[in-house]
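Enquirer: below are the sequence and a predicted model; questions follow.
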Amino acid sequence: MNDVILRTCEPHVLLSHLALYGLAAILQSEGTPGLRAGWTSGGNPQPYVTAPAMDDAVVGNLISQHARSAQAEGSWLHRDITLNGTSRALMSPRLTPFGDDQTWRQAQRSRHDVLDDLTASSRWLDMRLLAALGEPCYWSRIRQDVILQDDGASRLEMQPRNQGSEFVGNRLRKLADAVTARDPGQILAGLRGETIRDEIGGDKPDSRTATGLASLGPADNALAWCALWGISQLPLAMRVSATAATSGHLGRSRSEWFYVPVWRGAWHPARLRSILASASLRVMAATGLDMCPDAEISAARAWLSARDVEGLVRFPIRRFGSDNAPERRAMRGELIPVRALT
């Protein structure tokens, strides 16, 4: 058995958690049996993945294979739609306003074609990512009959929207190109933190490659690729009368947090998804925020402790830039320990 440890990652940065989730999900989807994910023990925990038959060559090759599949011509990453005379990525959850119902119906037909193709080819991780990202909703409107597309999108999709930029076209496509341009050894070196190469961000100190999951600065593109696919592990629940509910998200407007667990041992990705979406983790994340009664928090502590959750990290979300094109970003996280009641 061989472990791959993400050595530049630490629990106080949301990018570290999402990179672990995405790496595990990709390796599992590409056929790695017995894969598990966890955090190393000791005073400086780091995320890792492990599997009985996994070695360095396998990991680098599988991440390369996954990126090449996504980057290939005909992939959903490269499907476009024209909105107001401009080409946009069809599957981005937040797009230029549709303008009329006919355009929305055209977008939905095209998106359904993509989902049918992915279903027919059993691309379950792709389906999981698209479901978790959400899509432009059609039921939420203001008095002027304008569709509020953001109401149907994951709060983890934080691509800045200035000058019409969007998540798939301006982030996933570019990362796919960067990762496929590397050889498997370079991909593995980036994941392990032996090198940090931010091709799409030009290695600039104000790079936004992390897409809101970390502070500004260079982020290795292989690590960022895994992190954005890690969103697939945080399910989204649509709501008719409110914005969609994102797993791992708490609060609203200018008082928001992300939260994720830290656990003992190594988990199967399915177990991770169930904990991320659990009511107990959400209740525990509300500790100190006066959102839940103490009795509920106590019950959540016991439930999580019984499932080897040692704590959770809560990340405050801050807004930067203008009100017209705000940039949301997860700040350094706060560790909240979990202890079972006796």
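Expert: Arrived safely, thanks for sending. Numbering: from 1, shown residues only.

Enquirer: mind listing what's buried in stretch 288-299?
Expert: 292, 297, 299 (16 or more other C-beta atoms under 10 Å). (Glycine included, C-beta is placed from N, CA and C.)

Enquirer: quick one: average pLDDT of the longest helix seen in the chain?
Expert: Longest among the helix segments of the chain by residue count, using DSSP state H, is helix 101-120. For helix 101-120, the mean per-residue pLDDT is 91.

Enquirer: centre of the chain to the helix or strand following that helix, how far?
Expert: Sequence-wise, the next helix or strand downstream of helix 101-120 (DSSP states H and E) is helix 124-133. Distance, stretch centre to chain centre, for helix 124-133: 10 Å (C-alpha atoms, centre = their mean, to the nearest Å).

Enquirer: any idea which helix or strand comes after helix 124-133?
Expert: By DSSP H and E, the next helix or strand past helix 124-133 is helix 167.

Enquirer: that older thread, what's the longest helix of the chain packed up against?
Expert: Helix 101-120 is packed against strand 80-83, helix 124-133, with contacts defined by 3 or more C-beta pairs under 8 Å, 6 or more residues apart in numbering; DSSP states H and E.

Enquirer: out of those, which is the most enclosed?
Expert: helix 124-133 (a mean of 20; mean count of other C-beta atoms under 10 Å).

Enquirer: identify the residues contacting it?
Expert: The contact list for helix 124-133, computed with C-beta atoms under 8 Å, 6 or more residues apart in numbering, reads 25-26, 28-29, 70, 76, 91, 93, 114-115, 118-119, 153-154, 156-157, 167, 229, 231-236.

Enquirer: just stretch 73-86 next, same as before
Expert: 69-71, 87-91, 95-99, 103, 106-107, 110, 114, 117-118, 126, 130, 164, 168-169, 172-173, 176.

Enquirer: could you redo the last one with a cut-off of 7 Å?
Expert: If you take C-beta atoms under 7 Å, 6 or more residues apart in numbering as the criterion, stretch 73-86 is touched by 69-71, 87-91, 95-96, 98-99, 103, 107, 110, 114, 118, 126, 164, 168, 172-173, 176.

Enquirer: still on that earlier bit, buried only: go through the contacts of helix 124-133 for me.
Expert: Buried among the contacts of helix 124-133 by 16+ other C-beta under 10 Å: 25-26, 28-29, 70, 76, 91, 93, 114-115, 118, 153-154, 156-157, 167, 229, 231-236.

Enquirer: hmm, back to that, in terms of mean pLDDT, which of the helices and strands packed on helix 101-120 ranks lowest?
Expert: strand 80-83 (a mean of 88).

Enquirer: starting at the chain centroid, how far to that one?
Expert: Worked out by C-alpha atoms, centre = their mean, strand 80-83 lies 24 Å from the chain centre.

Enquirer: separation between W76 and W124?
Expert: When distance is defined by C-beta to C-beta, to the nearest Å, W76 is 14 Å away from W124.

Enquirer: what of T287?
Expert: 34 Å.

Enquirer: just S322 next, same as before
Expert: Counting by C-beta to C-beta, the gap from S322 to W124 is 39 Å.

Enquirer: cool, P261 as well?
Expert: Distance from P261 to W124, by C-beta to C-beta: 23 Å.

Enquirer: low-confidence ranges in this structure?
Expert: Within the chain, the segments meeting pLDDT under 70 span 1, 340-342.
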